[in-house]
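Participant: Turn this into a model:
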Amino acid sequence: MGIDWGAFLLVALVAVVSACFVVAVYSVGLRFWSAADARAGKYTVKDDGTIGPATAGFPDPTAASGAIRAFRALAVLCFALCGAAVLYGIYLIVPAFH
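Facilitator: The predicted structure follows:
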């Protein structure tokens with residue numbers, strides 16, 4: 001009895017790629033959520049790159065409500081995709097689910 005190195009490497013590669021996928025999609029979801037907060041006027045990013053409270057010069061949040069809803073929807077979609085990937089991985093691991 002020996003080790004099937006091809007199958008072992010395939011499992012390792014799929015694990016690394018799927019973990020990177022989940023982390024990347026979750027990060028994109030956080031970025032969309034943050035962009036929606038910025039457009040809603042909750043905070044601003046200043047010229048030097050720091051984050052501070054909203055200022056009077058920030059665009060009118062009511063004018064950007066469509067963009068806010070779109071960013072929030074994309075963020076929720078990213079989070080749902082991550083959750084689905086994790087649940088599918090659990091489904092594959094637990095034999096009682098098949």
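
Participant: Now find how far off-centre the helix or strand where residue 86 lies is within its chain.
Facilitator: Using DSSP states H and E, residue 86 falls within helix 65-93. Relative to its chain's centre, helix 65-93 lies at 7 Å (CA atoms, centre = their mean, to the nearest Å).

Participant: what's the neighbour count on the closest residue to residue 32 other than its chain neighbours?
Facilitator: Nearest residue to residue 32, sequence neighbours excluded (CB to CB, 6 or more residues apart in numbering): residue 75, at 3.9 Å. For the C-beta atoms, the positions are set from N, CA and C on the backbone; glycine is no exception. Neighbour count for residue 75, taken as other CB atoms under 10 Å: 20.

Participant: now do residue 76
Facilitator: 13.

Participant: Could you find the closest non-adjacent residue to it?
Facilitator: residue 29 (7.7 Å).

Participant: so what's the one you found up against?
Facilitator: 74-79, 82 (CB atoms under 8 Å, 6 or more residues apart in numbering).

Participant: From the residues you listed, pick the one nearest residue 3.
Facilitator: residue 82 (32.2 Å; CB to CB).
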